[in-house]
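Q: Please work out how this folds:
(one chain, ligands or ions: 1)
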Amino acid sequence: MAAFLLGEDHARFMSKSSDLQDRLEQKWVSEANKLGYIIASDLESQIMSGKSPRVPGKRIFREFVFRHYMEVVELANDTAIAETQVIDHEKRLAKSPRIPRKLAEVRKAYDIWKRTGRMPKGLADQAAKIQDLYLKSVHKVWKRYSEDFRAGDEVGRFDIVKKVKKAADVANSRAKNIVRTETTNHYNEVRAEIYDQNEGIWGYLFLAIRDHATTKWCTDKTKGGKRGRHGLVYKKGDPLTTKERPSCHWNCRSEMTPLTPYNPRHKRLIENDFMQRRNHTCHPLPEGWR
Ligand SMILES: [Zn+2]
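A: Okay, the predicted model is just below:
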């Protein structure tokens, strides 16, 4: 479908950039796993040495979130710039103001954080959200068993360790969901920022390639009179375009790819009334999403 809509070149590029996103996502999910392992081992040794288990402070969560963000921004930057060359062979888009300043901004913010501890609010909130998952689940379990632990009840240390580690595991799998979803969020956000500045970009095509069009929000199917979004065209500046920029739900992997009238295939999409998002009723995004 992507090749049919976008043309061979652009579709091939999209599938390559999807692979890169997949790889980056997998890398950070496995980084989240490592972080979870460190936390769980730490909790274990604290309990075994007779202490109440404490989840690490915000620093390691902030470091994690910041590094993840930097790498996603870097990839989004690279693919956005390469893509403008693929979709317009005459390179008219490339003449529009250069943009990689986003990456420089993020690197600067990272240095500032290292020096002063100040961090952009969105990232600090995300780090706090992950830390909170561990804090809440571990403390809940600990509260329930700490009396027994102190009383030297038959619930031995090993049992408590097992329960606390299991709680940490649950927190870890939620943390991985955050990583997956935020990879999509950051990626699409940075690309939109870049394309929105380029006058040759008219709007976007919603693609659920990585999402395999599996959810009602992102499929191209219609159910109960409401359509999913795969294959619909969004105009730049339309409030819907910002509102429905992926992620659209937990673990969403959809993306918006730029459309330019310079590209004959894109021009056909732009001019096709039936393809426009605003001409369709879509399943509303999940309650309270973003
Ligand atoms: Zn989705």
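Q: and the residue in the stretch 101-250 of the chain positioned nearest to the ion, what is it in contact with?
A: Going by Cβ to the ion, the ion is nearest to residue 218 of the stretch 101-250 of the chain, at 3.3 Å. For glycine as for every other residue, the C-beta is placed from the backbone atoms N, C-alpha and C. Going by Cβ atoms under 8 Å, 6 or more residues apart in numbering, residue 218 touches 206, 208, 211, 228, 229, 230, 246, 248, 249, 252, 254.
Q: just residue 15 next, same as before
A: 2, 209.
Q: Over to residue 194?
A: So residue 194 contacts 76, 77, 80, 81, 99, 102 (Cβ under 8 Å, 6+ apart).
Q: Go back to those residues and keep what's next to the ion.
A: Residues of the contacts of residue 194 in contact with the ion (Cβ under 5 Å from the ion): none.
Q: packing partners for the helix or strand of the chain with the lowest mean pLDDT?
A: Least confident element among the helices and strands of the chain, by mean pLDDT, DSSP states H and E: helix 2-6 (a mean of 84). On a contact count with 3 or more Cβ pairs under 8 Å, 6 or more residues apart in numbering; DSSP states H and E, helix 2-6 meets helix 8-48, strand 203-207, helix 264-271.
Q: Would you confirm that residue 227 contacts residue 284?
A: No: shown here, residue 227 and residue 284 do not form a contact pair, counting by Cβ atoms under 8 Å, at 11.7 Å.
Q: Compare the two (neighbour count), which wins?
A: Counted by other Cβ atoms under 10 Å, residue 227 and residue 284 do not tie: residue 227 has more neighbours, with 20 against 9.
Q: Now do the same contact list for the more buried one.
A: 220, 221, 280, 281, 282, 283.
Q: who in the protein is up against the ion?
A: Residues of the chain lying near the ion (Cβ under 5 Å from the ion): 211, 218, 248, 252, 254.
Q: Most widely separated two among those?
A: 211 and 248 (8.7 Å; Cβ to Cβ).
Q: what residues are shared contacts of the two?
A: Between them, residue 211 and residue 248 share the contacting residues 218, 254, judged by Cβ under 8 Å, 6+ apart.
Q: how about the helices of the stretch 51-200 of the chain, start to end?
A: 58-87, 101-116, 121-151, 157-196 (DSSP state H, counting those that start in this stretch).
Q: pLDDT below threshold where in the stretch 151-290 of the chain?
A: 152-155, 213 (pLDDT under 70).
Q: please redo it, this time with the cut-off set to 80
A: 151-156, 211-213, 290 (pLDDT under 80).
Q: Going by distance to residue 186, which of the contacts of residue 218 wins?
A: For the contacts of residue 218, the nearest to residue 186 is residue 246 (10.9 Å; Cβ to Cβ).
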